[in-house]
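Chemist: Need a 3D model of the sequence below.
(one chain, ligands or ions: 1)
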Amino acid sequence: MPDQNQRPFPPHRRRRRRRRINPNFIIFCMAVLLAVVLLVLSVMALVMSLSGDDEKPKATDATIQTTEPTDGTAEPAIPTTEPSASTTEPSAPPVAPTDPTQTTEPSASTTAPTTAPSEPIAPGITLIGNATIGATGDILMHKPCIRPGEQSDGTYDFSAYFAHIQAYINATDYAVANLETTLAGLDLGYEYSGYPQFNCPDGIVPSLQGAGFDMLLTANNHTYDTSSVGFHRTMQVMKEYGMDFTGTFASREEDNYLVREIDGIRIGMICYTYEDAADAATVAPNGHVMTKEDAQLINTFHKKDVAGFRTSLSADIANMEADGAEAIVLFIHWGDEYALTQNADQEALAQTACDLGVDVIVGGHAHVIQPMDLLTSTTDSDHKTVCLYSTGNAISNQRQGLISSITTAHTEDGILFSFTFAKYSDGTVRVESVEALPTWVNLYTSTETWKKVYDIIPLDKSTADWKTAFGLTDDTLSQAEASYDRTMAIIGDGLAEVNAYLASLPEV
Ligand SMILES: [Zn+2]
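Modeler: The predicted structure follows:
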């Protein structure tokens, strides 16, 4: 029985053979037996292979269980190089779907952070984070810029203005714009208005938010255009939408700056504006005298009072550093309107900020682009500050041909200025790359809505065909090209100087 159990087939066959003991067939049976043996052998071989297959599923089950962990660890382990490659790729796509043309610009900023962590920069030191901040020029909401945003239900939507630069905004880690208007609403005695007393519908905030902006600058010469009412309501609206803002603050209990952790780097950001008070005891943006209480809720300086600016900014930087800031960005509203170069006051203030340790200065207010410069601290020759004196107008109605005082098209130009901070495992945080994307506002009438569209065009040279990409005519294409040339003529040298310096930085 045990034998039979072990070998079920042969016994059966033996039994049959015993009953038919027939000498004539012995040889034949032997042959058959041989054949059977061969058959059995081949069956066994087959079984072996089958059992191999059987094991496979079990093994796979096992391997699935064991490999999953191992794969999980093995994959990262083997591809320490690959992960960075595979993560670099994903960083490009977010840009590509919306506007494939910008892979160069945006991906440059998003690629670096993911690539770096696995790659040693110097023995024992690795790059542990990159943070790209983008900043555009003035959002100068003139009345003609407001009207087209009105929707049938009475709300306002300005999203269309940002459609073409949205992908570039989103490619930065944190994007900033200067909100050169107040949001006083309609219920407190004001109506929507442009120059000289700006009051824009609240819809500008979600429109900017939808375009990818994270923070709006609220300290400028138009901050008090709608008095204390608009001053406070602007901040209230911003808070309701969850939009960061800096430059003004709702109470003295709030910080007069922001420190945000962006990709592992804590960046301190502060915004200042000049003001026009006749005496030191008063604060009056554009001549609108602020209440004593409100005057303490905005960062201002007197153009000629560099010492006062130094004292104030020095304390701010100390506070930001106490809050963990590892890099400092100063947004500043200054300079002469329509002047294509910075003035002596701007230079003095910029040098002061550099001496205090500011890493990047982003200027606004001139409504035209002003040069970029690389400053060296007078107290620490190793410290440099990248300064863009004016980002120009991101959006405005200041157009050649529409306003008699506007004699050139420089006011139609802006820059999306982006700069990337890198942080290393030894604690070093520094600016490592800078990009300046020229923008130009294409003003046209939509054939769908018959409304005007202030279309901010990214003048990206890697976009093969601006005409097709942005729906330009021959005339507007040549205007866009002229805008690019104007901007590069102003910032080209400074940008090259900054880039040469950044390229020369020693490896950490
Ligand atoms: Zn201004």
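Chemist: give me the number of residues near whatever residue of the chain ends up closest to the ion?
Modeler: Of all residues in the chain, His365 sits closest to the ion, at 3.7 Å by C-beta to the ion. (C-beta placed from N, C-alpha, C; glycine too.) Here the number of neighbours of His365 (other C-beta atoms under 10 Å) works out to 26.
Chemist: Might you report the residue contacts of it?
Modeler: His365 sits next to 138, 220-221, 273-274, 333-335, 337, 390 when contact means C-beta atoms under 8 Å, 6 or more residues apart in numbering.
Chemist: cool, and Asp359?
Modeler: Asp359 neighbours (C-beta under 8 Å, 6+ apart): 327-329, 385-386, 421, 430-431.
Chemist: Of the residues you listed, which is the nearest to Thr447?
Modeler: Nearest to Thr447 among the contacts of Asp359, counting by C-beta to C-beta, is Val329 at 41.2 Å.
Chemist: Quick check: phi and psi on the closest one?
Modeler: phi -120, psi 130 (degrees, to the nearest 10).
Chemist: wait, it sits on Ile133?
Modeler: Yes: between Val329 and Ile133 there is a contact under C-beta atoms under 8 Å: 6.5 Å.
Chemist: can you list residues touching both of these two?
Modeler: Between them, Val329 and Ile133 share the contacting residues 267, 360, judged by C-beta under 8 Å, 6+ apart.
Chemist: How about the residues of this structure by the ion?
Modeler: Within the chain, the positions near the ion by C-beta under 5 Å from the ion are 220-221, 365.
Chemist: what's near enough to touch Arg430?
Modeler: 327, 359, 421-422, 505.
Chemist: rewinding a little: let me have the residues of the chain next to the ion in CSV, extended by pLDDT.
Modeler: Output for these, formatted as CSV (pLDDT from 0 to 100):
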residue, pLDDT
Asn220, 95
Asn221, 94
His365, 95
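Chemist: Relative to Asp263, which of these is nearest.
Modeler: Using C-beta to C-beta, those come closest to Asp263 at Asn220, 28.3 Å.
Chemist: which ones are touching the closest one?
Modeler: Here Asn220 is in contact with 138, 178-180, 247, 273, 285, 333, 364-365 (C-beta under 8 Å, 6+ apart).
Chemist: Let's see that with 7 Å instead.
Modeler: Asn220 sits next to 178, 180, 273, 333, 365 when contact means C-beta atoms under 7 Å, 6 or more residues apart in numbering.
Chemist: got the phi/psi numbers for the last one?
Modeler: When you say that, I think you mean His365. phi 110, psi -30.
Chemist: Please name the nearest non-neighbouring residue to it.
Modeler: His333 (4.5 Å; C-beta to C-beta, 6 or more residues apart in numbering).
Chemist: Hmm, Asp276 and that neighbour touching each other?
Modeler: No: applying C-beta atoms under 7 Å, one finds His333 not in contact with Asp276, separated by 12.0 Å.
Chemist: Of those two, give the one with the bigger neighbour count.
Modeler: His333 (28 against 16).
Chemist: Any idea how many residues pack against Thr449?
Modeler: The number of residues near Thr449, taken as other C-beta under 10 Å, comes to 10.
Chemist: Does anything pack onto the one helix or strand Ala315 maps to? Which helices or strands?
Modeler: Ala315 belongs to helix 306-322 when elements are defined using DSSP states H and E. The contact analysis (3 or more C-beta pairs under 7 Å, 6 or more residues apart in numbering; DSSP states H and E) places helix 306-322 against strand 265-274, strand 300-301, helix 344-355.
Chemist: quick one: buried residues of it?
Modeler: 309-310, 312-313, 316-317, 319-320 (16 or more other C-beta atoms under 10 Å).
Chemist: And stretch 366-378, by the same measure?
Modeler: Neighbour count says stretch 366-378 has 366-375, 377 buried, by 16+ other C-beta under 10 Å.
Chemist: now stretch 136-151
Modeler: Here stretch 136-151 shows 136-142, 145-146, 148-149 as buried, counting by 16+ other C-beta under 10 Å.
Chemist: the longest strand in the protein is where?
Modeler: Longest strand of the chain, by residue count under DSSP state E: strand 429-445.
Chemist: Tell me what angle that strand forms with strand 265-274.
Modeler: With axes from the mean of the first three to the mean of the last three C-alpha atoms, to 10 degrees defining the directions, strand 429-445 sits at 60 degrees from strand 265-274.
Chemist: mind giving me the domain ranges of this protein?
Modeler: 2-75, 92-504 (automatic domain parsing).
Chemist: contacting residues for Ser390?
Modeler: Ser390 touches 335, 363-366, 368-370, counting by C-beta under 7 Å, 6+ apart.
Chemist: Kindly recompute the last result at 10 Å.
Modeler: Contacts for Ser390 were tallied using C-beta atoms under 10 Å, 6 or more residues apart in numbering; they are 137-138, 332-337, 339-342, 346, 362-372, 414-415, 490-491.
Chemist: can you confirm it is in a helix?
Modeler: No: remark: Ser390 does not belong to a helix; assigned using DSSP: H, G, I helix; E, B strand; the rest coil, it is strand.
Chemist: which residue sits closest to it in space, ignoring its chain neighbours?
Modeler: Gln370 (3.6 Å).
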